[in-house]
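**Q** Have a look at this prediction, sequence included:
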Amino acid sequence: MARLTVNGKVREFEAEPDTPLLWVLREQLGLTGTKYGCGVAQCGSCTVHVDGVAVRSCVRPVSTVGEAEKIVTIEGLSPTGSHPVQKAWAALDVPQCGYCQAGMIMAAASLLRSTPNPTDADIDAQMTNICRCGTYNRVRAAIKAAAKGGDTKSAGLAIRHADGSTT
Ligand code: FES
Ligand code: FES
């Protein structure tokens, strides 16, 4: 049995070493908020955080993620859907069909953690997720709304894990 730390809990799974992290999250751990879109690292619908960094889980072999690395999926971003990015998304009605949105939110949360007040160029450079419904303008507006308040701590953008640490 191999182990991953996901959303603050150590989870056991069995998979071939080259199995993409996405499939372990979805099919073995039941975390189906993370979506499969392209499978080739292009669309971003499979985005999760590994130690706070946005990762496209469709191309990340599960054997390359250590038990000590903290994986966060959309289900673990906040206990109540109250992460500032989620609140901005709701306030601005960003989603349309919603399929890409978990990945968008995870990418935006990672962006704001590293760049608390992103410019349009920062957003363009780091938000490379694809949305078939064309929500890009609202995604940009919601990122800017979430950024109000300055650094990640004052904006509440740090993710608090079950062990008390933050990323
Ligand atoms: S499913 Fe991973 S980037 Fe598209
Ligand atoms: S909201 Fe439909 S694909 Fe993005």
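**A** The structure has been received and is ready for your questions. Remember, predicted model here, so these are calculated numbers, not experimental data. Numbering: from 1, shown residues only. Ligands and ions are numbered 1, 2, ... in the order given.
**Q** What distance do you get for the most centrally placed residue in the chain to Pro17?
**A** Computing the C-alpha centroid of the chain and ranking residues by Cα atoms, centre = their mean puts Met106 first, at 2.4 Å. For Met106, the distance to Pro17 (Cβ to Cβ, to the nearest Å) stands at 24 Å. Any C-beta I mention is one placed from the backbone N, CA and C, and that applies to glycine too.
**Q** which residues of this protein fall in helices?
**A** Assignment of helices within the chain using DSSP state H yields the ranges 21-23, 84-91, 101-114, 120-126, 136-147.
**Q** Tabulate the ones you listed (a markdown table), appending mean pLDDT and distance to ligand 2.
**A** Formatted as a markdown table, these follow (pLDDT from 0 to 100; distance: least, Cβ to the nearest ligand atom, whole Å):
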| stretch | mean pLDDT | distance to ligand 2 |
| --- | --- | --- |
| helix 21-23 | 98 | 17 |
| helix 84-91 | 93 | 11 |
| helix 101-114 | 97 | 6 |
| helix 120-126 | 96 | 16 |
| helix 136-147 | 94 | 9 |
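**Q** To ligand 1, which of the ones you listed lies closest?
**A** Between ligand 1 and the helices of the chain, the shortest separation by Cβ to the nearest ligand atom is 6.6 Å, and it involves helix 21-23.
**Q** still on that earlier bit, would you list the helices of the chain in JSON lines and tack on distance to ligand 1?
**A** Output for the helices of the chain, formatted as JSON lines (distance: least, Cβ to the nearest ligand atom, whole Å):
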{"stretch": "helix 21-23", "distance to ligand 1": "7"}
{"stretch": "helix 84-91", "distance to ligand 1": "19"}
{"stretch": "helix 101-114", "distance to ligand 1": "8"}
{"stretch": "helix 120-126", "distance to ligand 1": "14"}
{"stretch": "helix 136-147", "distance to ligand 1": "16"}
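**Q** Done for today, thanks.
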